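> Mind folding the following:
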Amino acid sequence: MSKIVIALGGNALQSKNSAPTAEGQLEVVKNTCERIADICSQGYEVAIVHGNGPQVGRILLASETAKDVTPAMPFDVCGAMSQGYIGYHIQQALRYALNTRNINYPVLTVATQMIVDEKDPGFTNPTKPIGPFYTEEEAKSLQEEKGYSMKEDAGRGWRRVVASPIPKRIVEIEAIKNLWDSSIVISCGGGGIPVVEKMNGTLEGVAAVIDKDFAAELLAEQVDADTLMILTEVEKVAINWGKPDQKNLDHMSLAEAAQYVEEGQFAPGSMLPKVEAAMKFARTYPNKKAIITSLDKAIDALEGKTGTVITFA
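Just a heads-up that it's a prediction; the model follows:
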């Protein structure tokens with residue numbers, strides 16, 4: 001039976017057309033879980049990793065705004081909070097979707113810590129977009145007033161960016177492996193809660209958001225998955241995006257992907273980490289593949305009908 005690690009992008013959790021509320025998110029998640037349940041009904045074994053950029057940004061914003069009423073929560077705690085409530089929504093919606101297909105399988109969330117290197121260059125060059133979108137004027141105001149790092153996000157507006165170190169080790173990996181055969185596990189939410197390991201063996205949370213695509217790739221390696229599937233807003237990866245000569249890609253070899261990355265074809269904080277994570281999986285497992293596609297086309301992509309497939313050669 002084929003094992004798949006599915007990385008869910010922000011559009012699978014929160015829609016542009018829905019309110020950025022818990023209720024609005026749950027409605028979007030219900031649709032997402034119908035698609036995941038369809039994959040499960042085809043006989044695939046799945047594990048789920050999700051992003052948390054909009055959610056952790058809003059949690060952090062709320063905490064900072066209310067600091068005169070109640071102490072602000074540290075960044076890592078906000079990440080843990082997002083893991084909990086997003087995981088809860090997926091558990092609730094996916095369990096229902098599975099039940100309607102007569103699949104009786106437990107769905108659970110593991111609060112997952114991810115060890116990072118405290119000297120990672122990501123801490124000095126923030127790249128991970130979080131929270132809501134702003135106009136350029138609003139972004140400049142927030143930069144001046146609150147000292148936020150603000151960057152334009154792939155033509156969609158301006159967002160706050162934070163450190164995004166590369167994940168090194170999943171602390172709870174053995175528990176996740178042990179649960180695999182008996183449950184659908186949601187883990188490494190938001191890329192995992194970023195922690196550094198001290199000399200005495202203790203773990204300490206740090207202010208960062210790990211990219212969920214790199215976290216999903218590491219998980220796929222650790223559980224010996226057959227496929228890493230990264231679900232996003234578009235059906236296929238494209239070069240010359242948004243230009244008259246835009247070209248959608250059915251397949252990329254490692255060499256081709258590396259060339260496109262070198263050319264700057266993929267937006268940082270958007271498509272670039274997806275492609276780089278897919279490349280890392282294909283490099284580690286030359287006989288396996290990574291797929292980047294949209295949520296609605298996931299099954300078609302697994303059947304080889306669409307999506308962008310990244311392989312070693």
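
> For the rest of this, base every contact and every neighbour count on C-alpha atoms.
Fine.

> Now do the helices in the chain.
Defined through DSSP state H, the helices belonging to the chain, from first to last, are 22-41, 53-65, 75-99, 136-146, 173-179, 212-222, 254-262, 271-284, 298-302.

> Of those helices, which is nearest K247?
Ranking those by their distance to K247 (criterion: CA to CA) puts helix 254-262 first, at 12.1 Å.

> give the contact list for A163.
With contact set as CA atoms under 8 Å, 6 or more residues apart in numbering, A163 has these partners: G122, F123, T124, N125, P126, T127, K128, A207, A208, V209, I210.

> Same check on S164?
When the contact criterion is CA under 8 Å, 6+ apart, the partners of S164 are G122, F123, P126, T127, K128, A208, V209, I210, D211.

> Would you confirm that the first one contacts P165?
Yes. With contact defined as CA atoms under 8 Å, G122 counts as touching P165 (4.7 Å).

> okay, those two: which has more neighbours?
Relative neighbour count places P165 above the other of G122 and P165, with 26 against 18, counting by other CA atoms under 10 Å.

> low-confidence ranges in this protein?
Scanning the chain for pLDDT under 70 picks out nothing.

> quick one, which of the helices of the chain is packed in tightest?
For these, the largest average neighbour count (mean count of other CA atoms under 10 Å) is found in helix 212-222, namely a mean of 25.

> what residues does it touch?
Contacts of helix 212-222 with the rest of the structure, by CA under 8 Å, 6+ apart, involve 4-7, 49-51, 166-167, 169-170, 173, 188-192, 226-228, 230, 273-274, 277-278, 280-281, 284.

> and the direction of it versus that of helix 271-284, what angle?
10 degrees (axes from the mean of the first three to the mean of the last three CA atoms, to 10 degrees).

> now helix 212-222, how far from the centre of its chain.
In this view, helix 212-222 has its centroid 10 Å away from the chain centroid, taken as CA atoms, centre = their mean, to the nearest Å.

> and it with helix 53-65, angle?
120 degrees.

> hey, C-alpha coordinates of helix 212-222 in PDB?
Listed next in PDB are the C-alpha coordinates belonging to helix 212-222 (Å, rounded to 0.1, in the frame of the first residue of the first chain):
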ATOM      1  CA  LYS A 212       5.700  23.400   6.200                       C
ATOM      2  CA  ASP A 213       7.000  22.000   2.900                       C
ATOM      3  CA  PHE A 214      10.500  21.400   4.300                       C
ATOM      4  CA  ALA A 215       8.900  19.900   7.400                       C
ATOM      5  CA  ALA A 216       6.700  17.600   5.200                       C
ATOM      6  CA  GLU A 217       9.800  16.500   3.200                       C
ATOM      7  CA  LEU A 218      11.700  15.600   6.400                       C
ATOM      8  CA  LEU A 219       8.700  13.600   7.600                       C
ATOM      9  CA  ALA A 220       8.400  11.900   4.300                       C
ATOM     10  CA  GLU A 221      12.000  10.800   4.600                       C
ATOM     11  CA  GLN A 222      11.500   9.600   8.200                       C
END
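
> residue contacts, F312?
When contacts are counted by CA under 8 Å, 6+ apart, F312 is found next to S253, L254, M279, A282, R283, Y285, P286, N287, K289.
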